[in-house]
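# Build the 3D model from these lines:
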Amino acid sequence: MNIKNKLRLIVLAFLVFIITIGVITIKSQMGFAVKLEQYADKILPGSIAAGEIEKELLLSRQSAFEYSVTLNLEDREKTYIALRKLREQALKHRAYHYDSDSPEFLNKIDVIISAYKNNILEYLLLIENGANRDELDVVKEKIDSEIVKFSILVSPYFMQGINTSQLLADDLKQINTNSFYLLFSLMIAAMLSVGLLSFIIRSIFIPIKKLEKNVSVISKGDFISPIPPELLKSKNEIGHLASSFNQMKHDLQKVTVSRNELEKAINERKKVEERILKLSTAVEQSASTIVITDVRGNIEYTNPKFTQLTGYTAEEALGQNPRILKSGVQPVEYYIEMWETISSGKMWSGEFCNKTKFGDLYWEQAIITPIKDEQDEIVSYLAIKEDVTEKRKVREELRQHAKQLQERNEELDAFSHTVAHDLKNPLSTIIGFSDLIIEEYSEFSEKEIKQYNSKILQSGNKMQQIIESLLLFASVRKS
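This is a model prediction of the structure:
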């Protein structure tokens, strides 16, 4: 074999080696592309569908709990809408796992969703039937329990995206290693195929290196750094890989943002629930009677103090009109004036004479305030009332005492006037005769002096009788 043929054989061997390495590299890339396509077409959408299921679980829970507080029909409708979307997302999730080798996982998800839906519907039914807070809390715990079960069940699948990204990155590293060997072979055969080697470097090695860098960044949770535009514009397998990675990055970014928003909404919701719990506790433990009615005056809420005072339980009062407490003591015009005031959006205050469930009368000092929505429309009325029966009794007793005191003062004035008049006559007699005796003593006979002294004595005795009667009257009044 001549040198030329040997050289040809050597070149041919190098070409076969290069072609073999190239074929292996391309197959590895194609296998990697197939894995990535499978991940992008099935695993990732399945994970996203699971995330959407969790989102609708939390949204329906939030709407149901808001409905328990506000009794707003819009919140109830939001809950039903979320339940319908929850079922749609469950069907999508099953569709992406139709050929899964783990049907038990799908069955568990269906069981959790079915139990959760039943608990939500039970919770809404309890609200509409006016259940108390303890009954609602029992169902609420069941709802939260099903959400926790779902989160625990699908958490491994949320991590599957990142783990799969890491595996794909490892595969990509292996492709890079194969490309390195290909580059090494091309460098040996550079004198024979410089142009081919340059093309391979430009079209395979450098793009893969860039793509590997981006995949490593994505595997660390960075979904913001962009993939180089030249990779996305490429029409070969690397371009397809870059496009798939770019789409995967955007999908993972949406999932992450959605989870962050949900976590933020849940935290805010917990704070609102804590504030509502404090307010609810204050209302429940208030020493005043608190009643909330709709715009037609039908009772929607009463606190325990209402039951303690009136004898009506919350269940008995729910849906009734406060006129069940009306005693008939006050005129109809009094209630008409009250309704005209609050219907115009103003606060009304006054007293009611009401009747308990057992027929006992009692008095209440009431403040009634309209509750308005964002459009300044009245949606309900809030009444805060205090039992003033004892206070009115005290006020009435004081009024009677004051009246009696006034009458006694008038009697005392009349008595004083009479006493002064009765004392004035004998006193004038005593003074007159005493002055007469003193001034003209020498001119009177002994008989005349005795007559004058007798008059003085009679007047003194009369004054003594009046004073004794006055003392007797004072002792009688004191007793």
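# Return the backbone torsion pair for Lys326.
phi -60, psi 130 (degrees, to the nearest 10).
# Do you have the strands of the stretch 301-450 of the chain handy? List them.
Along the stretch 301-450 of the chain, counting by DSSP state E, counting those that start in this stretch, strands occupy 348-355, 361-372, 378-387.
# Looking at those, spot the one closest to Ile24.
strand 378-387 (73.3 Å; Cβ to Cβ). Any C-beta I mention is one placed from the backbone N, CA and C, and that applies to glycine too.
# need the helix or strand of the chain with the lowest average pLDDT.
The least trusted helix or strand in the chain, going by mean pLDDT, DSSP states H and E, turns out to be helix 190-200, with a mean of 57.
# follow-up on the earlier one: out of the strands of the stretch 301-450 of the chain, which gets nearest to Val111?
Nearest of those to Val111, taken as Cβ to Cβ: strand 378-387 at 39.7 Å.
# which outside residues touch the closest one?
288-295, 297, 300, 309, 322, 342-343, 345, 352, 362-373 (Cβ atoms under 8 Å, 6 or more residues apart in numbering).
# Save the strands of the stretch 301-450 of the chain as TSV, and put in mean pLDDT and distance to Pro226 too.
Listed next are the strands of the stretch 301-450 of the chain as TSV, based on pLDDT from 0 to 100; distance: least, Cβ to Cβ, whole Å:
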stretch	mean pLDDT	distance to Pro226
strand 348-355	93	65
strand 361-372	94	50
strand 378-387	93	50
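# is it possible to export the ones you listed to a markdown table including mean neighbour count and distance to Ile336?
As requested, the strands of the stretch 301-450 of the chain are exported to a markdown table (neighbours: other Cβ atoms under 10 Å; distance: least, Cβ to Cβ, whole Å):
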| stretch | mean neighbour count | distance to Ile336 |
| --- | --- | --- |
| strand 348-355 | 18 | 12 |
| strand 361-372 | 17 | 14 |
| strand 378-387 | 18 | 16 |
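# With distance to Gln89 as extra columns, can I get the ones you listed in CSV?
Compiled in CSV, these are given as follows (distance: least, Cβ to Cβ, whole Å):
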stretch, distance to Gln89
strand 348-355, 50
strand 361-372, 37
strand 378-387, 34
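# Ok, which of those comes nearest Ala90?
Among the strands of the stretch 301-450 of the chain, strand 378-387 comes nearest to Ala90, with 35.8 Å by Cβ to Cβ.
# I figured Thr369 hits Met347, correct?
Yes. Counting by Cβ atoms under 8 Å, Met347 is a contact partner of Thr369 at 4.9 Å.
# now the helices for the stretch 251-400 of the chain?
Assigned by DSSP state H, counting those that start in this stretch, the stretch 251-400 of the chain shows helices spanning 304-310, 314-317, 332-343, 389-439.
# among the ones you listed, which is nearest Ala64?
Nearest to Ala64 among the helices of the stretch 251-400 of the chain is helix 314-317; the distance by Cβ to Cβ comes to 20.8 Å.
# pLDDT on that closest one, on average?
The predicted model assigns helix 314-317 a mean pLDDT of 92.
# Check which helices and strands it sits against.
Helix 314-317 sits against strand 299-302, helix 304-310, with contacts defined as 3 or more Cβ pairs under 8 Å, 6 or more residues apart in numbering; DSSP states H and E.
# okay, those in a markdown table with distance to Arg76 next?
Output for the helices and strands packed on helix 314-317, formatted as a markdown table (distance: least, Cβ to Cβ, whole Å):
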| stretch | distance to Arg76 |
| --- | --- |
| strand 299-302 | 15 |
| helix 304-310 | 26 |
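# where does the stretch 51-200 of the chain have low pLDDT?
Applying pLDDT under 70 to the stretch 51-200 of the chain flags the ranges 92-102, 156-176, 178-186, 188-200.
# ok, 50 please
98-99, 101 (pLDDT under 50).
# can you give me the strands in it?
Under DSSP E, counting those that start in this stretch, the stretch 51-200 of the chain gives no strands.
# for it, what spans make up the helices?
Under DSSP H, counting those that start in this stretch, the stretch 51-200 of the chain gives helices at 73-96, 103-128, 133-188, 190-200.
# neighbours of Val215, just the number please.
26 (other Cβ atoms under 10 Å).
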